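Q: starting from these lines, generate the structure:
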Amino acid sequence: MSTLRRLQQLIRERSGLVLSEGSLTLENHVRERSRQLGFSNSEQFLQHVAHEQLKSDDWTQLIALATNPLTYFFRDQSQLESAVTFLSQAARENPDRKLQIWSAGCSTGEEPYTLAMLCRMYGQKSSILATDINPAVLSTARRGVYARWSLRHVEAAVAVQFFVPTEGDQFAVNDDVRAAVKFAEHNLTTSEPLWPHESPIGWDLILCRNVLIYYPLAERRAIVERLTGALRAGGVLFLGSSEFVRDYERGVRPIVIAGRQALVRVTAQELLEEPVHTPGSQAYALRPSLGSTPARPPGLPSTQPLPKLASLAHAQEQVVAEISDNRLDVAIALLREVVTCSPHDLAAHLSLGHLYVLTGELEHAERCYQVAQRLDPLLHEAHLGLGVVCLRRDDDENAFTALQRAVFLEPRFWATAYLLGEVAERLKLSQIAARERARTLRLLEAPHSKAPLVTHPLVHSGVLPRLSVVLERLHAWERDT
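A: This next block holds a predicted model:
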């Protein structure tokens, strides 16, 4: 095994993270760091970091290579409103209790500070813990000073209430909000789940959004099990919009809150009444009391009223059934109703765009992906969808731009890397084509390869060959080079 492969393995063993940028990024880092430390080869660097603590500067830099810290305030507005709906229900049940919230994988702090602002806007008492594996991003979070770009989805009234302008067109979170959040270093794979100091029964709410993408599938399931195990009875876990885990332990089940999915730890009575379910069950447990969003304070970005929970859940199940029966026109009609009632439903816009790609209605698909991109500019699937639309139009230049962004945001999706390499070759960008083809081979050979699902539009859109053809082309290229 090469030194770089052993270093990748060491990173995974020590942190649980998969360094997905490929060996070129790691190789460049090792070469430069070895030069700084006076080492003559990469083996010496490997031995050096093997004896370093995870909190050392070298490990901080390696962890930064394996994660993407980009985020912003009020990211994924509809999911935040779902969280507020849940918190408001919990506060109504016991108005004097301080709600316990954990932001796991908080990056540079925008998410936990957003939660603190929402709690203040709705008058809810809360205690918020925010954790991350990377001490560098935690340092930024504790400082609480951000560029204007991080506030791009913050309404003016909210910005005036919770931010203070500083030098260099930057904005500091005010003292009240900053004091409401406690930050700590925590590894989701090697550390025991944290418990709230003020509540021995567990967390009311845990958010772990856009974090699981950095871990292989087995680790994702283990992380979800640890997090749900730290919830109180009735507590809720929110994951990223594309990270929903279908295999969950008994006592935990999916729930739809104001149109968004989450996992809830059931009460003891509910557990006694609950039949043993099969992992991956599609049966959603709905709580009608969580179906309406609380009154909105001034300044919070507005959304249209959401449909009743039962109707939305029924639509989701019916969409899957119609797709299975190849009745795509009916599925499209159902999803159009959902996005009309819930215009901030990111998953619905993506699904509708995928269906339009399959039916060849590329203008409609493009609009859906553009809406998804506005809702979450850092979601790779929106950029990938736009890339697929451009490929179907033989528009290689715009396809290249969209696919390059998708690869940056999710470098472990081999199909995106392969398509980017093919487009780069046609545009005579030979170095980029070689890099992406090498990346694709590495990903396909790795056990944690993120392959497209059968239902992904890439499989049936006509832009991606069969896997056997992809491998044949890549191995032919490898032999030629």
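
Q: longest strand in this protein, please.
A: strand 231-239 (DSSP state E).

Q: is it true that K182 lies in a strand?
A: Yes. According to DSSP: H, G, I helix; E, B strand; the rest coil, K182 belongs to a strand.

Q: that one touches T131, doesn't it?
A: No. Counting by C-beta atoms under 8 Å, K182 does not reach T131; the two are 9.3 Å apart. (C-beta placed from N, C-alpha, C; glycine too.)

Q: neighbour count for these two, which is higher?
A: Shown here are K182 and T131; by other C-beta atoms under 10 Å, T131 has more neighbours (21 against 13).

Q: hang on, the more buried one in a strand?
A: Yes. According to three-state DSSP, T131 belongs to a strand.

Q: for the residue lying closest to it once chain neighbours are set aside, what are phi and psi?
A: Once flanking residues are discounted, T131 sits nearest to H186: 3.7 Å by C-beta to C-beta, 6 or more residues apart in numbering. With angles defined as degrees, to the nearest 10, H186 sits at phi -160, psi 140.

Q: ok, Q261 next?
A: phi -80, psi 150.

Q: quick one on the thing from earlier: what is the mean pLDDT for the following helix or strand past the longest strand of the chain?
A: Under the assignment DSSP states H and E, the closest C-terminal helix or strand after strand 231-239 is strand 252-257. Here strand 252-257 scores 83 as its mean pLDDT.

Q: strand 252-257 pairs with which strands?
A: strand 260-265 (antiparallel) (DSSP bridges).

Q: how far does the strand it pairs with sit from the chain's center?
A: Chain-centre distance of strand 260-265: 15 Å, with C-alpha atoms, centre = their mean, to the nearest Å.

Q: what angle do it and strand 231-239 make?
A: Counting by axes from the mean of the first three to the mean of the last three C-alpha atoms, to 10 degrees, strand 260-265 lies at 150 degrees to strand 231-239.

Q: returning to what we had before: what's around the residue nearest to T131, how many residues?
A: Using other C-beta under 10 Å, the number of residues around H186 comes to 20.

Q: the one 4 residues further on now?
A: Other residues near T190 number 12, with proximity taken as other C-beta under 10 Å.

Q: where do the strands sit along the stretch 151-300 of the chain?
A: Ranges of strands within the stretch 151-300 of the chain are 163-166, 170-173, 181-185, 203-208, 231-239, 252-257, 260-265, based on DSSP state E, counting those that start in this stretch.

Q: buried deepest among these, which one?
A: The highest mean neighbour count among these, using mean count of other C-beta atoms under 10 Å, belongs to strand 203-208: a mean of 25.

Q: now do that strand against strand 260-265, angle only.
A: Angle between the axes of strand 203-208 and strand 260-265 is 130 degrees (criterion: the same axes, to 10 degrees).

Q: quick check: domain ranges of this protein?
A: 3-66, 77-290, 406-481 (automatic domain parsing).

Q: worst average pLDDT in these?
A: domain 3-66 (a mean of 69).

Q: give me the sheet partners of the longest strand of the chain and which way each runs.
A: Sheet pairing of strand 231-239 (DSSP bridges) gives strand 203-208 (parallel), strand 260-265 (antiparallel).

Q: for A50, find the nearest of those.
A: For those, proximity to A50 was assessed by C-beta to C-beta; strand 203-208 is nearest, at 29.1 Å.

Q: distance of H197 relative to W203?
A: 11 Å (C-beta to C-beta, to the nearest Å).

Q: can you check V154 too?
A: 26 Å.

Q: what is the burial count for Q373?
A: Using other C-beta under 10 Å, Q373 has 20 neighbouring residues.

Q: same check, this time on P216
A: P216 has 19 neighbouring residues, counting by other C-beta under 10 Å.

Q: ignoring the adjacent residues along the chain, who's closest to H349?
A: A372 (4.5 Å).

Q: so that neighbour makes contact with L346?
A: Yes. If you go by C-beta under 8 Å, A372 and L346 touch, sitting 5.8 Å apart.

Q: list residues touching both of the two?
A: Residues touching both A372 and L346 by C-beta atoms under 8 Å, 6 or more residues apart in numbering: L379.

Q: show residues contacting the longest strand of the chain.
A: Contact partners of strand 231-239, identified using C-beta under 8 Å, 6+ apart, comprise 79, 82-83, 86, 90, 100, 199, 201-209, 212, 224, 227-228, 245, 255, 257, 260, 262-268.

Q: quick one: residues contacting T166.
A: For T166, the contact set (C-beta under 8 Å, 6+ apart) comprises V145, A172.

Q: check the gap between it and A141 for me.
A: 16 Å.

Q: G421 now?
A: 36 Å.

Q: tell me which other helices or strands the helix or strand hosting G385 touches.
A: Using DSSP H and E, G385 sits in helix 380-392. In terms of contacts (3 or more C-beta pairs under 8 Å, 6 or more residues apart in numbering; DSSP states H and E), helix 380-392 is packed against helix 346-359, helix 362-375, helix 396-409, helix 414-426, helix 457-460.

Q: ok, which of those helices comes nearest N174?
A: Proximity to N174 (C-beta to C-beta) singles out helix 362-375 among the helices and strands packed on helix 380-392, at 26.9 Å.

Q: what's next to that closest one, contact-wise?
A: So helix 362-375 is in contact with 76-78, 339, 343-344, 346, 349-350, 352-354, 356-357, 379, 381-383, 385-386, 389, 392-393, going by C-beta under 8 Å, 6+ apart.

Q: which element, helix or strand, includes E52?
A: Using DSSP H and E, E52 is not contained in any helix or strand.
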